[in-house]
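>>> Give the three-dimensional model of this entry:
(chains A and B)
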Amino acid sequence: MRIATAGSCFAQHIARRLQESGYKYFVTEPGADILPSDVARRFNYGTFTARFGNIYTVRQLRQLLERAYGRFKPMEPFWLKADGRVIDPFRPQIQPQGFASIAEAEADRITHLAAVRRMVEQSDVFVFTLGLTEAWECTSDGAILPICPGCGAGIFDPARYRFRNLGVRETIADLESAVELLREHNPALRILLTVSPVPLIATASGDHVLPATIYSKSVLRAAAAEVAAGATNIDYFPSYEIITSSASAGRYFAADLREVRPEGVAHVMRVFFRHYTDGSVVPEPKAPLQREVSVAAPRSLDNISQEMAIICDEEILDQVSST
Amino acid sequence: MMPKIALGIGDSHLGSLISANVQAVRDMAPLPFRLVQLGGGAIAYDVVLQSERRGEMLNPLIDAALRDAATALDRAESELDVFVLLGGFIVSRYTWSSRGEFDIYVDGLQAHPSGDVPLLPRDALLATLAHDTRPLMAGLAQLQRRVGRVRLVSAPPPHRSDEALRQARLRGQRVNSQDLTRPMHAVVRLKVWKLADLFFAEACQRVGVGYVSPPSASVEADGFLKGDYEKDGFHANAAYGRLMLEHLEAIFGE
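A predicted model of the protein is given here:
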């Protein structure tokens, strides 16, 4: 069974635990096999099924699939850094330091979109983690960017980019379009939707980040339920509920009340394996997770981040705001 | 004559000259240096480079070579030159060990003729080179601190012929899971070599070690090794060795 994953940063937890568990985590863009594993990781080969980076919004997913099949050609050019390196605006953190040239970035994008097509056509299960409703959109053609231009990469220009907070109807429509495109190329594909429990680190909506988070998660949760309810081979998996419910008493969040602690991830994945696998492979949590359960002393956030090593574009917003 | 020392790392072309082209060496005797030959292609290819821990595994081999060099250095009465001879494994490792083809974008060089070969970003290859040669570069830096006149000698560039490579592999001494009949395309072999050449030149500069590129007379205008100097697809021949020896002797004389 080939399981592919995509979505917000929480999707990386799912991907990693699938890899550790012995299930066939499907990677369609593994990089050349001459790469040592630490170099491959540094260049984000195997971090995601294909090297798309985090896909925060459903519209970003829909547009990625459309781009892969030539149905959408965004007008947004590559971003040039001051040192001449080149950033792909649709996956700004995928290549450390950026690409060496526009020609290399273009060639790598061709490789990447071919890998996305292989993911669509050859996966048995596609797990998508819905993360955000807030997005930055190109005014020219509606292309959705994973981060706000100017935060870590690119230059913000209000004439070229605008903020969007996608509503429930738009999110349902985007999700239905994405599912339709997936099914068009892989009718037997089973789809598992889940909502990231990670709250927003910042909001551009003008609201306080707390109501902005509740709005975003509510929209995503409702859209996932709506789409899953009316379709075969689509299911909803309650990552969000396991981590955030009052039953967990907040103990699955780290001290910043945002990052999910390893034992929270372990709980989510325990439930996932119990309900969505045949039990033929018994997942073995990594040793640090087992230790964490039995050690009462809290660890620093830095330690947790290092241990989990999750790539989160949103954290750039925190870095920008603190400088 | 002062003993000059050359360390052959893996399947170095001067090592190849010694071991596979003995007659040619005899013609040129006496050698202007002591040769401390470290391993051969088999060690470089199968032991050092076929492992995920390949970088670490190079350490003991380099350490052994350094010990040999140190012994010779202890006997020397004045300053020595030390030449570390880089093997052709740098290119063969990355173009034979990959089960799937890839392309690399290098400005001004031809793209892989098949349009659907996955791209390997050049930074990823350079990071791989840095990973794999960490012990080598650390050894060079250590040697440089002690001797002060260390030079790393480049591997020869690849030849454009796929057929020679194919035949060499079919005659090959070792058969494993690699596809022996489909070498990585010549344009990619050349790009890997050029990036490796660039990498070593910069890495050597950082640790104050000289870097010796192939003699220009051995290279075609487009960067491939001239046919006159090609032996079996993998190795340069005795004529190349002779050319390189003259090149090194000129450096000895500086």
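>>> Helix, strand, or coil at the closest residue to residue A:209 other than its chain neighbours?
Distance criterion Cβ to Cβ, 6 or more residues apart in numbering or on different chains; nearest residue to residue A:209, sequence neighbours excluded, is residue A:203 at 4.9 Å. (C-beta placed from N, C-alpha, C; glycine too.) Look at residue A:203: counting by DSSP: H, G, I helix; E, B strand; the rest coil, its state is coil.
>>> pLDDT at residue A:203, what is it?
Looking at residue A:203, its pLDDT is 91.
>>> Residue B:40 now?
38.
>>> Identify the residues contacting the residue of the stretch 101-250 of chain B found nearest chain A.
Proximity of the stretch 101-250 of chain B to chain A (Cβ to the nearest Cβ) peaks at residue B:105, 4.0 Å away. Counting by Cβ atoms under 8 Å, 6 or more residues apart in numbering or on different chains, residue B:105 touches A:100, A:101, A:103, A:104, A:107, B:111, B:119, B:121, B:122.
>>> which among those end up buried?
A:100, A:101, A:104, A:107, B:111, B:119, B:121, B:122 (16 or more other Cβ atoms under 10 Å in any protein chain shown).
>>> Among those, which lie within helices?
A:104, A:107, B:122 (DSSP state H).
>>> on that earlier part again, for the closest residue in space to the residue of the stretch 101-250 of chain B closest to chain A that isn't next to it in sequence, which residues are in contact?
Closest residue in space to residue B:105, ignoring its immediate chain neighbours: residue A:104 at 4.0 Å, by Cβ to Cβ, 6+ apart. Applying Cβ under 8 Å, 6+ apart, one finds that residue A:104 lies in contact with A:86, B:105, B:119, B:121, B:122.
>>> Mind putting those into TSV with distance to residue A:186?
Shown next, in TSV, are the contacts of residue A:104 (distance: Cβ to Cβ, whole Å):
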residue	distance to residue A:186
A:86	32
B:105	31
B:119	25
B:121	29
B:122	33
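>>> and which of these is nearest residue A:263?
Among the contacts of residue A:104, residue B:121 lies closest to residue A:263 (Cβ to Cβ), at 36.5 Å.
>>> pretty sure that closest one contacts residue A:97?
No: counting by Cβ atoms under 8 Å, residue B:121 stays clear of residue A:97, with 10.1 Å between them.
>>> and the buried ones among the contacts of residue B:105 as CSV, adding pLDDT and distance to residue B:135?
Shown next, in CSV, are these (pLDDT from 0 to 100; distance: Cβ to Cβ, whole Å):
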residue, pLDDT, distance to residue B:135
A:100, 95, 27
A:101, 95, 31
A:104, 96, 29
A:107, 94, 32
B:111, 87, 34
B:119, 95, 29
B:121, 96, 24
B:122, 96, 23
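>>> what's the closest of those to residue A:243?
residue B:121 (35.3 Å).
>>> In chain A, what residue comes closest to chain B?
residue A:104 (4.0 Å).
>>> where's residue A:108 relative to residue A:61, distance?
Using Cβ to Cβ, to the nearest Å, we find residue A:108 at a distance of 20 Å from residue A:61.
>>> where in chain B is pLDDT low?
Chain B contains residues with pLDDT under 70 at B:1-93, B:96-99, B:168-182, B:234, B:249, B:252-254.
>>> Identify the residues contacting residue A:234.
A:179, A:190, A:191, A:192, A:193, A:227, A:228.
>>> In space, what's closest to the fourth one - neighbours in sequence excluded?
With sequence-adjacent residues excluded and distances taken as Cβ to Cβ, 6+ apart, residue A:192 is closest to residue A:127, at 4.6 Å.
>>> Same question for residue A:67.
In space, residue A:67 is closest to residue A:113, 6.1 Å off (Cβ to Cβ, 6+ apart).
>>> any idea which element the one you found lies in?
Residue A:113 is part of helix A:102-122 when elements are defined by DSSP states H and E.
>>> How about that helix, which residues are buried there?
A:104-105, A:107-109, A:111-120.
>>> Need the per-residue pLDDT for the residue lying closest to residue A:29 once chain neighbours are set aside.
When the adjacent residues along the chain are set aside, residue A:29 lies closest to residue A:115, with 3.5 Å between them (Cβ to Cβ, 6+ apart). pLDDT recorded at residue A:115 is 97.
>>> now residue A:115: how far from residue B:210?
42 Å.
>>> for residue B:187, same thing?
Residue B:187 is 30 Å from residue B:210, by Cβ to Cβ.
>>> Can you list the buried residues in stretch A:132-143?
A:132, A:133, A:134, A:135, A:136, A:137, A:138, A:143.
>>> Let's see which of these end up in strands.
Using DSSP state E, A:134, A:135, A:136, A:137, A:138 are the members of these that sit in strands.
>>> What ranges does chain B have for its strands?
Taking DSSP E as the criterion, chain B carries its strands at B:5-9, B:34-38, B:82-85, B:150-153, B:210-212.
>>> same deal with chain A?
Counting by DSSP E, the strands of chain A are A:3-7, A:79-80, A:86-87, A:125-130, A:134-138, A:144-145, A:161-165, A:190-195, A:234-237.
>>> residues contacting the residue nearest to residue A:192?
A:3, A:4, A:5, A:6, A:7, A:11, A:14, A:191, A:192, A:194, A:237.
>>> In JSON lines, list the residues you listed along with neighbour count and pLDDT.
Shown next, in JSON lines, are the contacts of residue A:127 (neighbours: other Cβ atoms under 10 Å in any protein chain shown; pLDDT from 0 to 100):
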{"residue": "A:3", "neighbour count": "22", "pLDDT": "91"}
{"residue": "A:4", "neighbour count": "26", "pLDDT": "94"}
{"residue": "A:5", "neighbour count": "27", "pLDDT": "93"}
{"residue": "A:6", "neighbour count": "24", "pLDDT": "95"}
{"residue": "A:7", "neighbour count": "27", "pLDDT": "93"}
{"residue": "A:11", "neighbour count": "26", "pLDDT": "82"}
{"residue": "A:14", "neighbour count": "25", "pLDDT": "83"}
{"residue": "A:191", "neighbour count": "23", "pLDDT": "95"}
{"residue": "A:192", "neighbour count": "21", "pLDDT": "94"}
{"residue": "A:194", "neighbour count": "28", "pLDDT": "94"}
{"residue": "A:237", "neighbour count": "21", "pLDDT": "93"}
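>>> if we can go back for a sec, next one: the residue nearest to residue A:29 from residue A:26, what distance?
In terms of Cβ to Cβ, residue A:115 sits 11 Å off from residue A:26.
>>> Also residue A:109?
Where residue A:26 is concerned, residue A:109 sits at a distance of 21 Å (Cβ to Cβ).
>>> Can you identify each of the helices in chain B by residue range?
Under DSSP H, chain B gives helices at B:13-20, B:22-28, B:41-42, B:54-75, B:89-96, B:122-132, B:134-147, B:162-170, B:186-206, B:238-252.
>>> who's in contact with stretch A:136-149?
Residues contacting stretch A:136-149 (Cβ under 8 Å, 6+ apart): A:53-57, A:59-60, A:63, A:72, A:74-76, A:79, A:89-92, A:135, A:153-157, A:159-164, A:204, A:313-314, A:316-317.
>>> buried subset of these?
Buried among those (16+ other Cβ under 10 Å): A:53-57, A:59-60, A:63, A:74, A:76, A:79, A:89-92, A:135, A:153-154, A:160-161, A:164, A:204, A:313-314, A:316-317.
>>> ok so, going back, for residue B:187 and residue B:210, indicate the residue with more neighbours.
A count of neighbours by other Cβ atoms under 10 Å in any protein chain shown puts residue B:187 above the other of residue B:187 and residue B:210, at 21 against 16.
>>> isn't that one right up against residue B:110?
Yes: using Cβ under 8 Å, residue B:187 is in contact with residue B:110, at 4.8 Å.
>>> Would you mind naming what in chain A lies close to chain B?
A:29, A:31-39, A:42-43, A:95-97, A:99-101, A:103-104, A:107-108, A:110-111, A:114-115 (Cβ under 8 Å from any Cβ of the partner chain).
>>> Show me the shaky parts of the stretch 1-150 of chain A.
Those would be none, if you go by pLDDT under 70 across the stretch 1-150 of chain A.
>>> rerun at 90
A:1, A:8-25, A:33-37, A:47 (pLDDT under 90).
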